[in-house]
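K.L.:
Below is the structure, and that's it, no one-letter string:
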């Protein structure tokens, strides 16, 4: 086997994008192309070893993106997991596997709006194909380095988050995403750590504050006035800050911290804003998202 030292000491960077049909694979490959990756979509699995064969030139450092899903010729999850194991064993390849996930109702809407057929539901309802595909791809999701839920992301947000999670177009190192969310709408699938702030006093029950969100100073002051907030917040950042250099030392490139409340509009938004500012002030690359802030409902 050819060592990376034989190709200028720089391993080939390979990003393999898979996941549910309609979750954003095509968009992600365009982002990678813009970052000067050579992008190949729906390559037959039998050709993957040839595409990623050891290079004989001295330059090294090639960047290749490959899109693979259930439409790929000769695809089976077992065969792809075998290929991934072989690639991870090679010293001349730096492999990142990205799994794109999405809620069923969002995928149904996307297929309906574009009038496309789901590849596993040609003569059945779209939802049936989505469920079959999710079950089929479960082993790949478990082996992914990055899992990104695109359900609530605009195209612009998706491009930004995808780029930052993969460390492309930036300085590298640890990239932290801090997101607020509503527990009633489910946990963020990509979260590494989840914090529940539903114990804090709730601005929803103040009629003047209800229409606002956690970015508004009046809501911020209300939540911060909770007698338990100062101690809680101090312990939270005291817990998080020492972990960041440890994650970096372990070579982790991306970390998602999720802060949830009932409706994802007031308390979680305020705390997520504070945490993101605190980590950014410490020199980290931080992306801030509010998944459910614009959706109506009780906080």
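P.N.:
Great, that's in hand. All values reported here derive from a predicted model rather than from experimental measurement.
K.L.:
helix/strand/coil for the nearest residue in space to residue 237 that is not next to it in sequence?
P.N.:
Sequence neighbours aside, residue 278 is the residue nearest to residue 237 in space, at 5.2 Å (criterion: CB to CB, 6 or more residues apart in numbering). C-beta coordinates here come from the backbone N, C-alpha and C atoms, glycine included. Here residue 278 takes the helix state, with states given by DSSP: H, G, I helix; E, B strand; the rest coil.
K.L.:
show me the contacts for residue 278.
P.N.:
237, 240-241 (CB atoms under 8 Å, 6 or more residues apart in numbering).
K.L.:
taking the residues you listed one by one, which sit in helices?
P.N.:
Taking DSSP state H, the ones among those that sit in helices are 237, 240-241.
K.L.:
Relative to residue 92, how far out is residue 63?
P.N.:
Distance, residue 63 to residue 92, by CB to CB, to the nearest Å: 13 Å.
K.L.:
any common contacting residues for the two?
P.N.:
Common contacts of residue 63 and residue 92 (CB under 8 Å, 6+ apart): residue 12.
K.L.:
higher neighbour count, those two?
P.N.:
residue 92 (22 against 16; other CB atoms under 10 Å).
K.L.:
where exactly do the helices run in the stretch 51-200 of the chain?
P.N.:
For the stretch 51-200 of the chain, helices defined by DSSP state H, counting those that start in this stretch occupy the ranges 77-88, 104-114, 126-143, 155-166.
K.L.:
Using TSV, lay out those helices together with mean neighbour count and distance to residue 212.
P.N.:
Shown next, in TSV, are the helices of the stretch 51-200 of the chain (neighbours: other CB atoms under 10 Å; distance: least, CB to CB, whole Å):
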stretch	mean neighbour count	distance to residue 212
helix 77-88	15	46
helix 104-114	15	27
helix 126-143	17	36
helix 155-166	18	22
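K.L.:
follow-up on the earlier one: any idea which of the ones in helices among the contacts of residue 278 is closest to residue 274?
P.N.:
Taking CB to CB as the measure, residue 274 sits nearest to residue 237 out of the ones in helices among the contacts of residue 278, at 8.2 Å.
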